[in-house]
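[1] Sequence and computational prediction follow.
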Amino acid sequence: MSKVAFLGLGVMGAPMAAHLARAGHQVTVYNRTNTRAQAWQAKLANEGFAASVAATPAEAAEGQDVVLACLGNDSDLAAVMLGEDGALKTMREGALFVDHTTVSPAIARTIAQEAESCGVLALDAPVSGGQAGAENGKLSIMCGGSDAAMAAARPVIEAYAARIVHVGAAGAGQATKAVNQVCIAGVLAGLSEGVRLAQAEGLAMDKVLEAIAGGAAQSWQMENRWPTMAAGEFDFGFAIDWMRKDLAIALAEAKDAGLSLPITALVDQFYAQVQAQGGARQDTSALIRHLPEVSQ
């Protein structure tokens, strides 16, 4: 088993770090809000597993075999890895950095270059599967980096992954995550309209789901979000704030490539409407709120 540091204990990072401890790795964690790290440590101790809490990213990373991160955005990643107390300063030569944050391919490549100059392997490895996937250890991980980085990472990240795919060189994992988010946005847009149409027709929502979820319309979003969308329940899951951050990355990548993504741009504006309605921290399935509710 490896000595690992995990940086960032949000709704995704906290269960991922816990899976590492349960798998037998020697875990040190860092979180910007230290009280959250302390609470995470205490909860894990109640399960019979030990972990350490560090005061800074640099302290957490020192002497570790693997440093993993799951943060918020490009600036968070830059601060934690390259800042004054950044982890890269104390990582030993030959160690591995795995970034699970969804960020731009550009910063992923920058981190990879900085890591290489320090003799550190780097892998950009954003995840899909949401909070439930993290808690159940069933995430899908899309990876960008060298073969050596991929080989070093796989035995560690298997602790919380159902699928691990090495897509290509540095930045490829983040570019793939942008594709993933574009696809989710399109599915949720169609699903929102389908739910509203079924409601307008006065159909039994559970029966509609049973009828169509076994055919060509089936999707993870349909099976997991149809009932809650129909019920108007959204206080869980992957926040719209984060989805809009991800879609901004995808739209910027498309612009750089000379590509137009009109449907994605439209869905992003629908999300902006839901944010304005107070849904910024609601699940992405709250996209349906941009459509008027149907009187039954």
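    Sure, I can see it.

[2] Centre of the chain to stretch 35-55, how far?
    22 Å (Cα atoms, centre = their mean, to the nearest Å).

[3] Quick one: mean pLDDT over it.
    Taken as a whole, stretch 35-55 has a mean pLDDT of 97.

[4] cool, stretch 136-155 as well?
    98.

[5] got it, and stretch 98-113?
    The pLDDT scores in stretch 98-113 average 98.

[6] chain center to it, what's the gap?
    On Cα atoms, centre = their mean, the centre of stretch 98-113 falls 13 Å from that of its chain.

[7] repeat for stretch 1-20
    What separates the centre of stretch 1-20 from the centre of its chain is 13 Å, taken as Cα atoms, centre = their mean.

[8] ok, now stretch 29-37?
    How far stretch 29-37 lies from its chain's middle: 18 Å, per Cα atoms, centre = their mean.

[9] For it, which residues meet the burial criterion?
    Using 16 or more other Cβ atoms under 10 Å as the test for burial, stretch 29-37 gives 29, 30, 31, 32, 36, 37. Bear in mind the C-beta positions are built from the backbone N, C-alpha and C, glycine included.

[10] Which of those residues sits closest to residue 270?
    residue 32 (31.2 Å; Cβ to Cβ).

[11] residue ranges of the helices in the stretch 51-200 of the chain, please?
    Counting by DSSP state H, counting those that start in this stretch, the stretch 51-200 of the chain has helices at residues 57-61, 74-82, 105-117, 130-136, 147-157, 172-200.

[12] how far off helix 105-117 does the second one point, in degrees?
    What that stands for is helix 74-82. Helix 74-82 runs at 0 degrees relative to helix 105-117, counting by axes from the mean of the first three to the mean of the last three Cα atoms, to 10 degrees.

[13] helices and strands around helix 74-82, which ones?
    strand 66-69, helix 105-117 (3 or more Cβ pairs under 8 Å, 6 or more residues apart in numbering; DSSP states H and E).

[14] would you list these in a markdown table and tack on mean neighbour count and distance to residue 187?
    What follows is those, written out as a markdown table (neighbours: other Cβ atoms under 10 Å; distance: least, Cβ to Cβ, whole Å):
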| stretch | mean neighbour count | distance to residue 187 |
| --- | --- | --- |
| strand 66-69 | 27 | 28 |
| helix 105-117 | 19 | 23 |
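
[15] would you turn these into JSON lines with distance to residue 159?
    Converted to JSON lines, these look like this (distance: least, Cβ to Cβ, whole Å):
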{"stretch": "strand 66-69", "distance to residue 159": "10"}
{"stretch": "helix 105-117", "distance to residue 159": "22"}
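
[16] among those, which is nearest residue 166?
    Nearest of those to residue 166, taken as Cβ to Cβ: helix 105-117 at 14.1 Å.

[17] Just the C-alpha atoms of the closest one, please, in CSV.
    Written as CSV, here are the backbone C-alpha positions of helix 105-117 (Å, rounded to 0.1, in the frame of the first residue of the first chain):
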residue,chain,number,x,y,z
PRO,A,105,-6.9,21.3,-20.3
ALA,A,106,-4.5,24.3,-20.4
ILE,A,107,-3.8,24.2,-16.6
ALA,A,108,-3.6,20.5,-16.7
ARG,A,109,-0.8,20.8,-19.2
THR,A,110,0.9,23.5,-17.2
ILE,A,111,0.8,21.4,-14.0
ALA,A,112,2.2,18.4,-16.0
GLN,A,113,5.1,20.5,-17.3
GLU,A,114,5.9,21.9,-13.8
ALA,A,115,5.7,18.4,-12.4
GLU,A,116,8.1,17.1,-15.0
SER,A,117,10.6,19.8,-14.2
